[in-house]
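**Student:** One predicted model, sequence on top.
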Amino acid sequence: MPHKIRRFGETGKRALETKRVKRRAGGKTHRIKKMAMRGSRRGGLKTWNSGGKRGPVQNLEELVVMDLVEESMGHRENSMTVQDLVLSLTESTRRLGYGFGFSMGNQMNSYGKAHIGALFGALDRLGLGKVLYYPSLEHATITSMKTKANATSLGIPVHIIEAGIIAGYLSGYLGTGIKVHETLCTYLNSDVCQFVAEPVEAQEHPSDAVNPKPKDVIKAIAERIEAVEPDKAEKGENRYYLILPNMPLMKKQLLEESSNILYLAGIELAKVHSRTSYEDALRKIACYFDMNSIEVRKLKGKRVIRINYKQYNSIEGLVELSVSMADGFLEAVFGREPKKRSGIRSNKAYFVELTV
């Protein structure tokens with residue numbers, strides 16, 4: 001990505017770039033070392049394909065689409081917020097997120113349950129809750145009444161993937177090009193999120209949206225993670241639940257920058273935790289990123305944090321995103337960069353150990 005993101009803090013500024021990046025924590029500057037995720041790709045997964053036959057599905061997007069349409073996913077309030085916050089940073093990332101959502105929504109419509117209720121059910125499972133739908137000749141309005149106002153105002157609507165999903169689904173459902181923009185958002189000091197859908201040939205709305213400040217986005221991400229309640233997380237959630245919102249962040253053109261933003265969010269999260277409460281924060285991170293488990297043990301005066309992934313989410317990009325936040329958090333709490341070790345467990349799932 002051509003743009004740069006700046007970190008503002010007492011210790012100075014840090015540029016987040018796509019090639020050479022430095023991290024500053026504990027008064028020291030460290031160069032980021034990319035972890036080698038060898039063997040982290042999932043094996044052949046078998047599920048039902050759109051032809052009704054049991055067989056391997058190679059396309060990860062197809063797996064997620066099937067689960068969305070078949071209503072087998074779990075529920076979490078504002079489940080996609082962290083990923084949407086990352087995508088809200090620039091015009092180019094917003095286009096990427098919207099385009100990804102549009103593709104997913106279009107695939108959902110063509111999967112075989114092309115009725116408007118399937119879209120609303122998917123939006124509910126993605127975190128918007130039950131929505132109110134008001135169609136008219138000129139446009140349709142979709143309002144989520146479940147979302148709540150947030151403490152951080154970013155001056156821009158952030159539910160980008162969701163807007164794309166609505167546009168893609170309605171375009172296929174109505175057989176004509178539909179565009180969707182979010183007019184009200186909880187990150188714009190609103191109590192609800194509202195989307196307006198209209199034909200693409202309608203007059204373009206002038207965009208006065210400015211890019212939010214990276215430090216505000218990072219703070220909002222940390223707030224969202226801190227609000228997670230692991231003990232109340234639903235059990236038996238669908239296994240591809242959190243892969244969907246992370247998929248655009250896992251693309252090569254955004255992965256390194258996204259992982260560094262989450263690293264900084266981990267540092268921000270450390271501001272409200274100490275060495276006595278760090279395990280609680282790690283549980284929140286593990287819950288949000290749908291890790292299988294996170295174990296903490298002491299060994300020769302050091303702490304070894306072992307992150308265990310499930311077989312289905314041992315995916316290179318997803319591992320890098322989640323480890324980046326834990327890495328930043330631990331480095332800020334303990335004042336030193338964690339040493340990393342990774343491998344594959346007996347069940348072919350991935351693990352990462354961070355030692356501080």
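**Tutor:** Sure thing, it's come through.

**Student:** And the helices in the stretch 251-356 of the chain?
**Tutor:** Ranges of helices in the stretch 251-356 of the chain, per DSSP state H, counting those that start in this stretch, are 252-269, 278-288, 316-334.

**Student:** same thing with the stretch 51-200 of the chain?
**Tutor:** Going by DSSP H, counting those that start in this stretch, the stretch 51-200 of the chain shows helices at 60-69, 81-87, 91-110, 116-123, 160-174.

**Student:** Kindly reformat those as CSV containing mean pLDDT.
**Tutor:** Output for these, formatted as CSV (pLDDT from 0 to 100):
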stretch, mean pLDDT
helix 60-69, 73
helix 81-87, 90
helix 91-110, 90
helix 116-123, 85
helix 160-174, 93
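
**Student:** between these, which one is nearest to residue 289?
**Tutor:** Minimum separation from residue 289 across the helices of the stretch 51-200 of the chain (C-beta to C-beta) falls at helix 81-87, 9.1 Å. Yep, even glycine has a C-beta here, placed from its N, CA and C like the rest.

**Student:** Convert the closest one to PDB, retaining C-alpha atoms only.
**Tutor:** Taking Å, rounded to 0.1, in the frame of the first residue of the first chain, the C-alpha atoms of helix 81-87 are listed here in PDB:
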ATOM      1  CA  THR A  81     -16.000  -4.300  14.200                       C
ATOM      2  CA  VAL A  82     -12.200  -4.800  14.600                       C
ATOM      3  CA  GLN A  83     -11.700  -5.800  10.900                       C
ATOM      4  CA  ASP A  84     -14.000  -2.900   9.700                       C
ATOM      5  CA  LEU A  85     -12.000  -0.500  11.800                       C
ATOM      6  CA  VAL A  86      -8.800  -1.600  10.100                       C
ATOM      7  CA  LEU A  87     -10.400  -1.200   6.700                       C
END
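
**Student:** hang on, the earlier thing: out of the helices of the stretch 251-356 of the chain, which is closest to residue 69?
**Tutor:** helix 316-334 (22.0 Å).

**Student:** and of the helices of the stretch 51-200 of the chain, who's closest to residue 321?
**Tutor:** Taking those one by one with C-beta to C-beta, helix 81-87 is closest: 9.0 Å.

**Student:** Out of the helices of the stretch 51-200 of the chain, which is the most enclosed?
**Tutor:** The highest mean neighbour count among those, using mean count of other C-beta atoms under 10 Å, belongs to helix 81-87: a mean of 26.

**Student:** That one packs against which elements?
**Tutor:** Counting by 3 or more C-beta pairs under 8 Å, 6 or more residues apart in numbering; DSSP states H and E, the packing neighbours recorded for helix 81-87 are helix 91-110, helix 160-174, helix 214-226, helix 243-246, helix 252-269.

**Student:** Point out where the stretch 1-150 of the chain drops to low pLDDT.
**Tutor:** For the stretch 1-150 of the chain, the stretches flagged by pLDDT under 70 are 1-59, 70-79, 112-114, 147-150.

**Student:** So residue 131 is in contact with residue 119, correct?
**Tutor:** No. Using C-beta atoms under 8 Å as the test, residue 131 is too far from residue 119 to be in contact (9.0 Å).

**Student:** Residue 245 versus the residue nearest to residue 94 when sequence neighbours are not counted, what's the distance?
**Tutor:** Counting by C-beta to C-beta, 6 or more residues apart in numbering, residue 94 lies nearest to residue 160, which is 5.4 Å off, once chain neighbours are set aside. Going from residue 160 to residue 245 by C-beta to C-beta, to the nearest Å gives 10 Å.

**Student:** show me the contacts for the spatially closest residue to residue 297 that is not a sequence neighbour.
**Tutor:** Spatially, and ignoring its direct neighbours in sequence, residue 297 is nearest to residue 304 (5.3 Å; C-beta to C-beta, 6+ apart). With contact set as C-beta atoms under 8 Å, 6 or more residues apart in numbering, residue 304 has these partners: 296, 297, 298, 353, 354, 355.

**Student:** Got a quick PyMOL command for the buried subset of these?
**Tutor:** PyMOL command restricting the contacts of residue 304 to the buried ones, with burial defined by 16 or more other C-beta atoms under 10 Å:
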select buried, resi 353+354+355
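
**Student:** Excluding chain neighbours, what is closest to residue 140?
**Tutor:** Going by C-beta to C-beta, 6+ apart, residue 140 has residue 197 as its nearest residue, at 4.6 Å.

**Student:** swap that for residue 295, please
**Tutor:** Leaving aside its chain neighbours, residue 295 sits nearest to residue 306 (4.5 Å; criterion: C-beta to C-beta, 6+ apart).

**Student:** Repeat that for residue 220.
**Tutor:** residue 152 (4.1 Å).

**Student:** if I pick that neighbour, what's in contact with it?
**Tutor:** Applying C-beta under 8 Å, 6+ apart, the residues near residue 152 are 187, 216, 219, 220, 223.

**Student:** ok, 10 Å please
**Tutor:** Residue 152 sits next to 85, 186-187, 189, 212, 216-217, 219-224 when contact means C-beta atoms under 10 Å, 6 or more residues apart in numbering.

**Student:** Residue 197 too?
**Tutor:** 133, 135, 139-142, 163, 166-167, 169-171, 174, 178-181.

**Student:** 6 Å - rerun?
**Tutor:** Residues counted as contacts of residue 197 (C-beta atoms under 6 Å, 6 or more residues apart in numbering) are 140, 170, 178, 180.

**Student:** Now render the contacts of residue 304 as a markdown table, adding distance to residue 341.
**Tutor:** Formatted as a markdown table, those follow (distance: C-beta to C-beta, whole Å):
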| residue | distance to residue 341 |
| --- | --- |
| 296 | 15 |
| 297 | 14 |
| 298 | 16 |
| 353 | 4 |
| 354 | 8 |
| 355 | 7 |
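
**Student:** That's all I had, so thanks and see you.
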